[in-house]
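[1] Got a sequence here, can you build the structure:
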Amino acid sequence: MADFPQSVLFCCDHNAVRSPMAEGLMKQFYGQRAYVQSAGVRNDMEVDGFSVAVCQELGIELSRHRSRSFDEMKEWGDDLSQFDLIVALSPASQRMALELTRHFHLDVEYWPILDPTGLGESRDHKLSAYRQARDQIRDRMIARFGPPRDAGAE
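    Numbering: from 1, shown residues only. Below is the predicted model:
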């Protein structure tokens, strides 16, 4: 387990499924220990309803999440160099993060998390795929950052 970062940016393709789930899980598990944000390569989608549903099962509220892109972060004055760690949850976001941070000294980690968006025919099968992605993020997070601040957070 590496040192606990002061600030973490989670990223994926659209900032609508995996990275909002990771942001919500991190805030739920570790509270104010780190500043946490998420972004996407693009922000052409709103937060996914299945992501909202499977996070709600753990008491994590995602319905007010507003998707944003790396470009919007820059427009709003958010500097990637302010983050200690960027966690990419998709290959495209890993490439973008590495490109945008090539002049900064900060860590970019790649966590290969399942993209559940095209999986499952029925609602139950879709929810199962989203739960699988959520649980992959949770497991990687606990392996990387340690147990949640209290056992009730799991």
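[2] list the contacts for the residue nearest to the spatial centre of the chain?
    Among the residues of the chain, the one closest to the centroid is Ser19, at 2.5 Å (CA atoms, centre = their mean). Contact analysis of Ser19 by CB atoms under 8 Å, 6 or more residues apart in numbering lists 10-12, 38-40, 89, 93. Any C-beta I mention is one placed from the backbone N, CA and C, and that applies to glycine too.
[3] Chain neighbours aside, what residue packs nearest to it?
    Among residues not flanking Ser19 along the chain, Ser38 sits closest, at 3.8 Å (CB to CB, 6 or more residues apart in numbering).
[4] hang on, the earlier thing: quick one: distance of the one helix or strand the residue nearest to the centre of the chain maps to to the chain centre.
    In this assignment (DSSP states H and E), Ser19 forms part of helix 18-30. Put simply, helix 18-30 sits 6 Å off its chain's centre (CA atoms, centre = their mean, to the nearest Å).
[5] Kindly export that helix (C-alpha atoms) in PDB.
    Written as PDB, here are the backbone C-alpha positions of helix 18-30 (Å, rounded to 0.1, in the frame of the first residue of the first chain):
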ATOM      1  CA  ARG A  18     -16.800   4.800 -13.300                       C
ATOM      2  CA  SER A  19     -15.100   8.000 -12.200                       C
ATOM      3  CA  PRO A  20     -18.200   9.400 -10.400                       C
ATOM      4  CA  MET A  21     -18.600   6.100  -8.600                       C
ATOM      5  CA  ALA A  22     -14.900   6.200  -7.600                       C
ATOM      6  CA  GLU A  23     -15.200   9.800  -6.400                       C
ATOM      7  CA  GLY A  24     -18.300   8.900  -4.400                       C
ATOM      8  CA  LEU A  25     -16.700   5.800  -2.900                       C
ATOM      9  CA  MET A  26     -13.500   7.700  -2.000                       C
ATOM     10  CA  LYS A  27     -15.400  10.500  -0.200                       C
ATOM     11  CA  GLN A  28     -17.600   7.900   1.600                       C
ATOM     12  CA  PHE A  29     -14.700   5.700   2.700                       C
ATOM     13  CA  TYR A  30     -12.000   8.300   3.600                       C
END
